[in-house]
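# Give me the fold of what follows.
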Amino acid sequence: MINSVRNTVLSILNKNNYGYISPSDFNLFAKQAQLDIFEDYFYQYNYQINKENARASGTGYADITKGYEEVINIFSVDNFLLHNISNKFFTPSQTTTNDDYYLLNKVLVYTRLLASGSNTSLQVGDLVDNTIDFVSAGVNVGDIVGNTTTNQTAFVQALSGTDTLVLTDGNGNPADIFQNFPEGYVVYDDSVVNEAEKVTHSKITMLNNSLLTAPSTMFPAYTQQEPNLSLFPPSINTIGAVQCQYIRYPNDPKWTYVELIGGEPSFDQSQSDFQDFELSISDEPTLVLKILQYAGMSIREVAAVQFGQGLEQKEDQDEK
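Residues are numbered from 1 along each chain as shown. Predicted coordinates for the structure are as follows:
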């Protein structure tokens, strides 16, 4: 989609002799336009919810709310949070989960520890501990395995004998998270999970000071102070114990190209740093209009800005 958007923008600019934008400028404008539309999803979603509450919204194909939910869910991610120290876990970021989060939707805590210890030998893609019987410990396929030394997680794909767990990343691929020994591990039952409640820093103090309201493994809680989440009770303190479902920011779009052909860069999506827009294809006209406005400001051409603004305003009015 990104090449189609760029060609449309250049066609409009060149047809009216407004000027030319370089690939680097286009990528900057594309990033801002995508972020603008991404954030607008949530405002539009709220607007449609209000229309539903006012009984002014349709159903079936006219259920606009459902469409926004599906688009937003494209950016929904489930990831285990990396353990920091004590009962603190890193919030999602480029360095911890490979993406930045827009909002945390829910925090899940796995509370039933089935096994823990250290691996005793190495087998690619496996956890081997000949000092324990994983079958007797109640380990099953799908349970969560955390490497407490390297802060990595995986899932049990199969049990090979009583002392070996075959691991997967959850997408059907082998997970080789134990590459040295001894390395510590924990195994959590994936069927015993509770949602942690977010509380303020002042409230958690009051909760912890009362035997009746103190968070427990059945009713956990957390506070947030970047770059950490603090989980309560403090016994929640190992990798694999905390999973977060959040909405991530879209990846920055990048139009990549190869050598100039006839004075123009040639689009090449095979390059390693290529990144298409992550928005719905229905947002392509809005992307074009927003990028036109940025380009118009860049080349000091008011007519291009007004053209983009006018069509965008009309589009917003038609949607409402």
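
# which regions of the stretch 201-320 of the chain sit below the pLDDT cut-off?
Filtered on pLDDT under 70, the stretch 201-320 of the chain yields the residue ranges 261-263, 297-320.

# Next, count neighbours for Val166.
Using other Cβ atoms under 10 Å, Val166 has 18 neighbouring residues. All C-beta atoms are positioned from the backbone trio N, CA, C, and that covers glycine.

# ditto for the one 3 residues further on
Close neighbours of Asp169, defined as other Cβ under 10 Å, add up to 16.

# Next: Ala154.
Residues near Ala154, counting by other Cβ under 10 Å: 26.

# likewise the one 5 residues further on?
The tally of other residues near Leu159 (other Cβ under 10 Å) stands at 16.

# how far away is it from Thr65?
Counting by Cβ to Cβ, to the nearest Å, the gap from Leu159 to Thr65 is 44 Å.

# and if you look at Ile72?
From Ile72 to Thr65 the distance is 11 Å (Cβ to Cβ).

# Identify the contacts common to the two.
Both Ile72 and Thr65 are in contact with Tyr45, where contact means Cβ atoms under 8 Å, 6 or more residues apart in numbering.

# check contacts around Val57.
Slight slip there: residue 57 is Ser, not Val. 48, 51, 63-65.

# actually Ile144, sorry about that
Applying Cβ under 8 Å, 6+ apart, the residues near Ile144 are 80, 110, 153-156, 187-190, 240.

# 7 Å - rerun?
110, 153, 155, 187-188, 190, 240 (Cβ atoms under 7 Å, 6 or more residues apart in numbering).

# Return the members of these classed as buried.
Burial by neighbour count, 16 or more other Cβ atoms under 10 Å: within the contacts of Ile144 this picks out 110, 153, 155, 187-188, 190, 240.

# Please dump those into JSON lines; it should also carry secondary structure and distance to Glu264 for every row.
Below are the buried ones among the contacts of Ile144 laid out as JSON lines (DSSP: H, G, I helix; E, B strand; the rest coil; distance: Cβ to Cβ, whole Å):
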{"residue": "Tyr110", "secondary structure": "strand", "distance to Glu264": "54"}
{"residue": "Thr153", "secondary structure": "strand", "distance to Glu264": "47"}
{"residue": "Phe155", "secondary structure": "strand", "distance to Glu264": "48"}
{"residue": "Val187", "secondary structure": "strand", "distance to Glu264": "57"}
{"residue": "Tyr188", "secondary structure": "strand", "distance to Glu264": "55"}
{"residue": "Asp190", "secondary structure": "coil", "distance to Glu264": "53"}
{"residue": "Gly240", "secondary structure": "coil", "distance to Glu264": "51"}
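
# Asn119: which of those is nearest?
Val187 (11.7 Å; Cβ to Cβ).

# these two touch, right, the closest one and Val145?
Yes - taking contacts as Cβ atoms under 7 Å, Val187 lies within contact range of Val145: 5.4 Å.

# now Thr238: how far from Val71?
In terms of Cβ to Cβ, Thr238 sits 36 Å off from Val71.
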